[in-house]
Structure formats: structure tokens, C-alpha cells
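Participant: build me a structure from this.
(one chain, ligands or ions: 1)
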Amino acid sequence: MGLKILEEHKPQSLSQKSHFTGCKSTAEWLLAQKAARPQVGIVCGSGLGGLGEMLKDQVVFKYEDIPSFPQSTVLGHTGQLVFGMLEGKPCVCMQGRFHLYEGHPVQKTTLPMRIFKLLGVKTVILTNAAGGLNEDYKVGDIMIIKDHINMPGFAGVNPLAGKNDERFGVRFPCMSDAYDRDLRQLAQDVGEELGYKDFLREGVYCVLGGPSYETIAECRMLHRLGADAVGMSTVHEVIVARHCGMRVFALSLITNKAVMDYNSEEKANHEEVLQTGKQRAEQLEKLVSSMVSRIKHN
Ligand SMILES: O=P(O)(O)O[C@@H]1C[C@H](O)[C@@H](CO)O1
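Facilitator: I've put the predicted structure just below:
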């Protein structure tokens, strides 16, 4: 009986060890290729990969060349990791993220957050494209995320499900402070200085599994539940980033208005999402780079 219990525990503890050491060896491999240890990690949303082009003195890795890294399959997500300097700070930028609907297990979609942590990242800046549920929002608005609704989490899809590894963080991490208050204030200040007041918002982002866009009834329900924008990413990355103690700032570019009216002729589509990304790219890049220039790390 005792032996049986030992055997049952063996594979789990081994796989846990290999997850941590796997992340560590990927981080060490990247640093060994002359990538500078980054302080800030940036994740580019759909059509927002231009953020990575801002980095100077780039060292670029295609995801397919990085050990244990997943592959990007979505149009608008290039699939490379860029190291470089932004406003004098060493940064790493994911040009392309991983989504549940690509068929990745949720733990795999968030793997880069743990690699960021082991690379030395202190602050993560996540961006995404999202549909606007709030009736005051316009296409092209930038929404600072102040909170989230993890809809897949209600059904048990959480990247922290399974055995907890204390080397990353605690079993039950707090999420009421997930979106750093000071960084949100910094974004408001920088946005005001840049003259973005008319299109800078703050609101609640709700993640769904995708890849189908929402029905009208779903949009109406999400809005009633308190969501201002809906998308298919970010939240799981935030959970893992907070679990391992990184500071988080996240924003949504409202690329389309969620359809809430049965008489509407509008239809959500990925081309519009990418197009809006292109149109707002410059302002978004200015906001992020000005924030990075002012972020302080001890
Ligand atoms: O990676 P993000 O969340 O920016 O991408 C959004 C969600 C889907 O991947 C896609 C739908 O158009 O854009």
C-alpha cells in the first residue's frame, strides 16, 4: 500500500520538477545567446506586433528555435521573441502570443510568463485586441484594464490548476490587486500628456475561449455582468504573472464594437481587428514606450 502511494506521487513530482527546470533551462538558453537580462516583458496583441519594432539593439529568436516554446498560429502574431532596449531599459517582447483556441493547454499559453520571471522580468505589459461592450466605447479606444472576468475559470480552466510549485508562487494567489494601481495611474498621466484623453478608458476585460466571436445574447450578458470589453487572451497570462510576483499592466485596443442589437448589420471579423491595430499602432507604441521610460525598478 505504502509503495503504491509512493508510485502514484512519483510521476507528478517528476513532471513538476521538469516544468520548473524546463522553464529555467529555456531562460538560461536565451541568456546564453547574448540576450540581455530584461526588466520589462511586453506581450503584443493581435495586429500590435509593431511594439516589438521599437526595441533597439535587437536580439531576435523565432519561437520555433526556442527550446520548449509553443508555436504561434494566428494571423497578426509573428511568432518571435525580441530582446532589446526601450527607453534605456532592457526589455523582452513577444511578437505573438498563445491562445486556448489554438489548441494549447492553458498552462502552455502562459509558459512564457514563467520564462519571463526566470529571465529577471519585474514588470509585464500585456496588450490585446478586444470587442467593446461598453456603449460609450468607440473603435480605436485604448482601455486600461483595471480588472478581469475569467469566464473559462468558472469551468475550472485556470493555468494554476494542478499541483502548485512554491518556487513560482503560493497555492491561492490574490487577484483583487492583479492590475497594478500605480502603473494604471502612470498610464493615465502619460495618456493625458500625450493628448489621448478622448480615447483613453479604464475598464473590465472578460476572456472567453474563442475562436468564434460572441453571439448577441452573450455580449448582452457579459455587459450586464460588468465587462466593458471582451477578448480571447491576457487573463491567463496575468494570473501566472501575478502568481510569480511580477507587476502587471494590461491594455485593450477596442478594435470593433461587440454586436448588441438584433437589427445591426455589423459582424465581428479578424480583418477589422488587424486593421484597427494598424491605425492605432503609433499611439499605442508611444503610450507603452513613455510608460517604460518612467517605470522604476529597485
Ligand atoms: O491576442 P489577442 O487577444 O490580441 O487577439 C484577439 C483575440 C483573437 O485572438 C483575435 C480575434 O480577432 O484577436
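Participant: give me the three-state assignment for P159.
Facilitator: Following DSSP: H, G, I helix; E, B strand; the rest coil, the label given to P159 is coil.
Participant: that one - how many residues pack around it?
Facilitator: By other C-beta atoms under 10 Å, 24 other residues sit near P159. Just so you know, the C-beta spots here come from the backbone N, C-alpha and C atoms, and that holds for glycine as well.
Participant: list the contacts for it?
Facilitator: The neighbours of P159, taking C-beta atoms under 8 Å, 6 or more residues apart in numbering as the test, are 106-107, 109-110, 236, 239-240.
Participant: please repeat the previous calculation with a cut-off of 6 Å.
Facilitator: Applying C-beta atoms under 6 Å, 6 or more residues apart in numbering to P159 gives the contacts 106-107, 110, 236, 239-240.
Participant: tell me which of those fall in strands.
Facilitator: Among the contacts of P159, no member falls in strands (DSSP state E).
Participant: now, which of those residues sits nearest V157?
Facilitator: V106 (5.5 Å; C-beta to C-beta).
Participant: separation between M94 and E135?
Facilitator: Going from M94 to E135 by C-beta to C-beta, to the nearest Å gives 32 Å.
Participant: of those two, which one has the most company?
Facilitator: In this view M94 and E135 are compared by other C-beta under 10 Å, and M94 has more residues nearby, 29 against 10.
Participant: quick check, the more buried one in contact with G41.
Facilitator: No. Between M94 and G41 there is no contact under C-beta atoms under 6 Å: 7.6 Å.
Participant: name the nearest residue to the closest residue to the ligand within the chain, sequence neighbours excluded.
Facilitator: Closest contact between the chain and the ligand, by C-beta to the nearest ligand atom, is at G45 (2.8 Å). Closest residue to G45 apart from its sequence neighbours, by C-beta to C-beta, 6 or more residues apart in numbering: N128 at 3.7 Å.
Participant: next, the contact list for the one you found, please.
Facilitator: By C-beta under 6 Å, 6+ apart, the contact list for N128 reads 45, 231, 233-234, 252.
Participant: which element, helix or strand, includes it?
Facilitator: Using DSSP states H and E, N128 maps to strand 123-132.
Participant: the very next helix or strand once past that strand: how far from the chain's middle?
Facilitator: For strand 123-132, the succeeding helix or strand toward the C-terminus, using DSSP H and E, is strand 142-150. Here strand 142-150 is found 11 Å from its chain centre; the criterion is C-alpha atoms, centre = their mean, to the nearest Å.
Participant: returning to that earlier point: farthest pair in the contacts of N128?
Facilitator: That would be S233 and S252, which, of the contacts of N128, are the farthest apart (C-beta to C-beta) at 9.8 Å.
Participant: interface residues of the stretch 51-200 of the chain facing the ligand?
Facilitator: Contact residues, the stretch 51-200 of the chain versus the ligand (C-beta under 6 Å from any ligand atom): 74, 97, 99, 128-129.
Participant: kindly reformat the residues you listed as CSV containing pLDDT.
Facilitator: Output for these, formatted as CSV (pLDDT from 0 to 100):
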residue, pLDDT
V74, 90
R97, 96
H99, 97
N128, 98
A129, 98
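Participant: which one of the residues you listed sits closest to S293?
Facilitator: Nearest to S293 among those, with distances taken as C-beta to C-beta, is N128, at 22.5 Å.
Participant: the closest one bridge partners, please.
Facilitator: For N128, the beta-bridge partners are S252 (DSSP bridges).
Participant: how close does it get to I145?
Facilitator: Going from N128 to I145 by C-beta to C-beta gives 9 Å.
Participant: all helices for this structure, in order.
Facilitator: Here the chain has its helices, by DSSP state H, at 2-32, 106-109, 111-119, 151-154, 181-193, 216-224, 235-243, 270-294.
Participant: mind putting those helices in TSV, mean pLDDT, distance to G210 and mean neighbour count included?
Facilitator: Output for the helices of the chain, formatted as TSV (pLDDT from 0 to 100; distance: least, C-beta to C-beta, whole Å; neighbours: other C-beta atoms under 10 Å):
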stretch	mean pLDDT	distance to G210	mean neighbour count
helix 2-32	67	25	13
helix 106-109	96	12	18
helix 111-119	98	19	25
helix 151-154	98	10	16
helix 181-193	98	26	16
helix 216-224	98	12	16
helix 235-243	98	12	25
helix 270-294	96	11	17
